[in-house]
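# Generate coordinates for the sequence data below:
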Amino acid sequence: MSPERRDFSFNYQPIYANNRIKSYEALLRLNDKNINIETFIQSIENKPQFDLDVIRAVLFDIQELKNTFTISINISILSLESEYFIKEALNLLKDKNIILEITEHDKVNNLDLIAYNIQLLKSETGVKF
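Okay, the predicted model is just below:
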């Protein structure tokens, strides 16, 4: 998905510590106000490709920050079971100031695989969870 042509955008909500901005959380906003956000999230939540599109879009948006701030991005736990997602994320997230937050909507199918992939992403890219 081209970052210039997408159906969503982000609000970057500041997260404070000691009255200073510590990081930001990327909050998804739909550009079409006629689409129900809950219905939209349910339709894409089990799709690792969407999580990758979100990561790419956030990285595109924040490239001007030059990694000054940490950005939190929500992903589906099911993406952490996807070999495709992990392979792509290893390339995308290398040396980026990113925290991946896992959404809590989905049932865990393979906890051992998820734990392994979290450790792999942490060790290979420096991403935090």
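# use CA for all of it now, contacts and neighbours both
OK.
# can you pull the contacts of residue 24?
The contact partners of residue 24, by C-alpha atoms under 8 Å, 6 or more residues apart in numbering, come to 12-15, 69-72.
# So which of those belong to strands?
If you go by DSSP state E, these have 12-15, 70-72 in strands.
# Tell me the gap between the one helix or strand in the chain whose mean pLDDT sits lowest and the middle of its chain.
Least confident element among the helices and strands of the chain, by mean pLDDT, DSSP states H and E: helix 37-44 (a mean of 76). Helix 37-44 has its C-alpha centroid displaced from the chain centroid by 16 Å (C-alpha atoms, centre = their mean, to the nearest Å).
# I'd like the distance from the helix or strand just after that helix to the chain centre, please.
Next helix or strand after helix 37-44 toward the C-terminus (DSSP states H and E): helix 48-62. Distance of helix 48-62 from the chain centroid (C-alpha atoms, centre = their mean) equals 7 Å.
# elements contacting helix 48-62?
Helix 48-62 sits against strand 70-76, helix 83-92, with contacts defined as 3 or more C-alpha pairs under 8 Å, 6 or more residues apart in numbering; DSSP states H and E.
# Buried residues of that helix, list them for me.
By 16 or more other C-alpha atoms under 10 Å, the buried positions in helix 48-62 come out as 48-52, 54-59.
# where does residue 27 fall, helix, sheet strand or coil?
Following DSSP: H, G, I helix; E, B strand; the rest coil, residue 27 is assigned to strand.
# any idea how far it lies from residue 124?
26 Å (C-alpha to C-alpha, to the nearest Å).
# next one: residue 31
34 Å.
# cool, residue 60 as well?
Residue 60 is 21 Å from residue 124, by C-alpha to C-alpha.
# Quick one: mean pLDDT over stretch 105-125.
Rounded to a whole number, the mean pLDDT of stretch 105-125 is 93.
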